[in-house]
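Peer 1: next comes the sequence, and after it the predicted model I'd like to discuss.
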Amino acid sequence: MAELNTAPNLKSPDDFYESLIDLHRDLTDEQSELVNARLILLLANHIGDADVLREAMRRARAGIETAAQAPSASMRSDGNPRRRGRREAS
């Protein structure tokens, strides 16, 4: 079984990050989530090892509270749901 590589492995991480930001430019939140899902599935297919993918999922989720654990994090002070990826007006 292959192991999940968590060591820095991108030859040009800043360029990759810029491309990732550009991928989402001018998309709605819903479109951005769809692009993320498609990208995850394409990369998962490329990796092809279910054990490695499960380890990546476990590590990605580690330390993230669920909505049930932190209800205030998913709600704004006015009681409305918080939208991810957007700054709220002051």
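Peer 2: Cool, the structure landed. Numbers count the residues shown, from 1 in each chain.
Peer 1: what helix or strand does the residue nearest the centre of the chain sit in?
Peer 2: What sits nearest the mean C-alpha location of the chain, by CA atoms, centre = their mean, is residue 36, with 7.1 Å. Assessed by DSSP states H and E, residue 36 sits inside helix 29-47.
Peer 1: right, and the helix or strand after that helix?
Peer 2: In N-to-C order, the element after helix 29-47 by DSSP H and E is helix 50-61.
Peer 1: still on that earlier bit, now the helix holding residue 36: buried residues?
Peer 2: Within helix 29-47, the residues scored as buried using 16 or more other CB atoms under 10 Å are residue 32. In this view, the C-beta of every residue, glycine as well, is placed from N, C-alpha and C.
Peer 1: how close does the residue nearest to the centre of the chain sit to residue 30?
Peer 2: 11 Å (CB to CB, to the nearest Å).
Peer 1: kindly report the same for residue 65.
Peer 2: From residue 65 to residue 30 the distance is 23 Å (CB to CB).
Peer 1: how about residue 24?
Peer 2: From residue 24 over to residue 30 (counting by CB to CB), the distance is 12 Å.
Peer 1: what is in contact with these two at once?
Peer 2: Listed as contacting both residue 24 and residue 30 by CB atoms under 8 Å, 6 or more residues apart in numbering is no residue at all.
Peer 1: show the pLDDT at residue 88.
Peer 2: Model confidence at residue 88, expressed as pLDDT, equals 46.
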